[in-house]
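Engineer: model this:
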Amino acid sequence: MRKYDLVVWGATSFTGKLVTEYLFNKYGSSKIKWAIAGRNLDKLEKVRYQVADGNLPMIIADSFDEESLSKFVKKTRVVCSTVGPYSLYGTKLVKLCVENNTNYCDITGEAHWIRNLIDDYHEEAKSKKIKIVNSCGFDSIPSDMGVYFIQNEIKKTYKTYANSIKMRVAGVRGGISGGTYGSINNLLKEAYSNKKIFRVLNNPYGLNPKNKMEGMDKKDIRKIIFDKESNSWIYPFIMAGINTKIVRRSHALTNFQYGKDFRYEEAMMSGKGISGFLKAILAVFPLAMIGLNPNSFLKKIVNSYMPKPGEGPGVEKRKNGFYNLRFYVKIDERRKAFAKVIGDNDPGYGSTSKMLAESALCLAFDKLPENYGVVTPSIAMGKQLLERLRNNAGLDFKISI
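Structural biologist: I've put the predicted structure just below:
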């Protein structure tokens, strides 16, 4: 028995505040037993005043103080973390969750950090029947749960699985927060200083179990090309680096049930013809600026124009945001299918906060598959999470076979 069903760690962050607001608006402070946590009492009280009420418990702790972290980890069934960069602030918390038999979820897109968690904690968490679930936001739930949904529907119809799925971002509207931009910069900083990190990021199977780093996929798309499946020019998708690895880890954890020749990739669509090609060129330029060496003079100029920690898209921009993901599915040489995952709200914040909150609730309350360790959303929560996403989080999964 634990005092809380879940604790939102980092409730004063931009996304943490949105998760708190969503949970309070939907479940109040009495339907579930939950609390908000952070290191600054004044900021926690401000968040509680702005989006909740005085009945919501608050917990003070620090990412680098194991004693304070351990106290609240022992009191809850699930930790829901929004504190990034996770490679800087998240490791002690995950360690304590595993030690104290507490389930955990977050929204990290830091593949190298997840690799470290797999190497250090997967077997222990698995033996203790604990679920450590990363990437429960826009990266990488729409991709991971999209493939899970598609393959289950294909299996029902054809008694087999698809051997290739290509995801194309057909439309997206949203902004970026200072926290997300800071995480990207920290990842780049660590990668430029450590070749091992670059190897994880460049390996298509970098998050697979070490004895299962195999398959036919190559590196993520890094240039503008014309794509016959979507009849459109396509260009790199900034989230593909984590999404594709999460999908492939899910597949490996099922012992390659889709077949060892299964392939998956992601890219952005810009349309056909000259206009589509020009649109792709214009879209690639800001991606190049974000990916600059963090120590370069030009990157420092770019940084001055980006949001600072705590800043992010406003209420109207979040409400008016959306995403439309298209999945081009190949079952075999003769048969094909087409699927969509559509989400409301700004993907990185409005939608992500709902996905993370429902993931935490799923871990706390639902009867889930007996899959434990450092696992992916689809492996950890399967159809129970799919139902929550459809019913509560504004996601729609569709397929035409």
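
Engineer: local confidence estimate at Lys195?
Structural biologist: Lys195 carries a pLDDT value of 85.

Engineer: show me what contacts it?
Structural biologist: Residues counted as contacts of Lys195 (Cβ atoms under 8 Å, 6 or more residues apart in numbering): none. Where you see a C-beta, it was placed from the backbone N, CA and C, and this is true even at glycine.

Engineer: look up how far Tyr22 lies from it.
Structural biologist: 40 Å (Cβ to Cβ, to the nearest Å).

Engineer: before we move on, what about Leu361?
Structural biologist: From Leu361 over to Tyr22 (counting by Cβ to Cβ), the distance is 10 Å.

Engineer: same question, Arg77
Structural biologist: Applying Cβ to Cβ to Arg77 and Tyr22 gives a distance of 19 Å.

Engineer: and the lowest-mean-pLDDT helix or strand in the chain, what does it pack onto?
Structural biologist: Least confident helix or strand of the chain, by mean pLDDT, DSSP states H and E, is helix 178-193 with a mean of 81. For helix 178-193, the packing partners by 3 or more Cβ pairs under 8 Å, 6 or more residues apart in numbering; DSSP states H and E come out as helix 14-27, helix 86-89, helix 111-127, helix 195-202.

Engineer: that helix vs helix 195-202, what angle?
Structural biologist: 120 degrees (axes from the mean of the first three to the mean of the last three Cα atoms, to 10 degrees).

Engineer: not counting helix 178-193 itself, show me its contacts.
Structural biologist: Contacts of helix 178-193 (Cβ under 8 Å, 6+ apart): 13-15, 84-88, 108-110, 112, 197-198, 201, 290-295, 303, 306-312, 348.

Engineer: let's see it at 7 Å
Structural biologist: With contacts defined as Cβ atoms under 7 Å, 6 or more residues apart in numbering, helix 178-193 is touched by 13-15, 84-85, 87-88, 110, 112, 197-198, 201, 290-291, 293-294, 306-312, 348.

Engineer: export it to CSV, keeping only CA atoms.
Structural biologist: The C-alpha trace of helix 178-193 is given here as CSV (Å, rounded to 0.1, in the frame of the first residue of the first chain):
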residue,chain,number,x,y,z
GLY,A,178,12.9,26.2,-23.6
GLY,A,179,13.1,22.8,-21.8
THR,A,180,12.9,20.8,-25.0
TYR,A,181,15.4,23.0,-26.7
GLY,A,182,17.7,22.7,-23.7
SER,A,183,17.4,18.9,-23.9
ILE,A,184,18.4,18.9,-27.6
ASN,A,185,21.4,21.1,-26.9
ASN,A,186,22.5,18.9,-24.0
LEU,A,187,22.2,15.8,-26.2
LEU,A,188,24.3,17.5,-28.9
LYS,A,189,26.9,18.7,-26.3
GLU,A,190,27.3,15.2,-24.9
ALA,A,191,27.4,13.6,-28.4
TYR,A,192,30.1,15.9,-29.6
SER,A,193,32.2,15.1,-26.6
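
Engineer: walk me through the domains of the chain.
Structural biologist: 4-136+351-394, 141-346 (automatic domain parsing).

Engineer: from Ile224, how far out is Thr244?
Structural biologist: On the measure of Cβ to Cβ, Thr244 and Ile224 end up 18 Å apart.

Engineer: more neighbours, these two?
Structural biologist: Thr244 (26 against 19; other Cβ atoms under 10 Å).

Engineer: which residues does that one contact?
Structural biologist: 204, 220, 264-266.

Engineer: how does it look with 8 Å?
Structural biologist: Counting by Cβ under 8 Å, 6+ apart, Thr244 has contacts 143, 204, 217, 220, 264-266.

Engineer: after the host helix or strand of it, which helix or strand is next? Please name it.
Structural biologist: For Thr244, the host element (DSSP states H and E) is helix 240-253. Later in the chain than helix 240-253, the nearest helix or strand by DSSP H and E is strand 263-271.

Engineer: elements contacting that next one?
Structural biologist: Against strand 263-271 (3+ Cβ pairs under 8 Å, 6+ apart) you get strand 164-173, strand 232-235, helix 240-253, helix 273-290.

Engineer: low-confidence stretches in the protein?
Structural biologist: Within the chain, the set of residues satisfying pLDDT under 70 is empty.

Engineer: okay, now Cys97: neighbour count?
Structural biologist: 25.

Engineer: looking at the helices and strands packed on helix 178-193, which is nearest to Gln384?
Structural biologist: Proximity to Gln384 (Cβ to Cβ) singles out helix 14-27 among these, at 16.9 Å.

Engineer: compute the inter-axis angle for the closest one and helix 178-193.
Structural biologist: Using the same axes, to 10 degrees, helix 14-27 lies at 140 degrees relative to helix 178-193.

Engineer: quick check: buried residues in helix 14-27?
Structural biologist: With burial defined by 16 or more other Cβ atoms under 10 Å, the residues of helix 14-27 counted as buried are 14-24.
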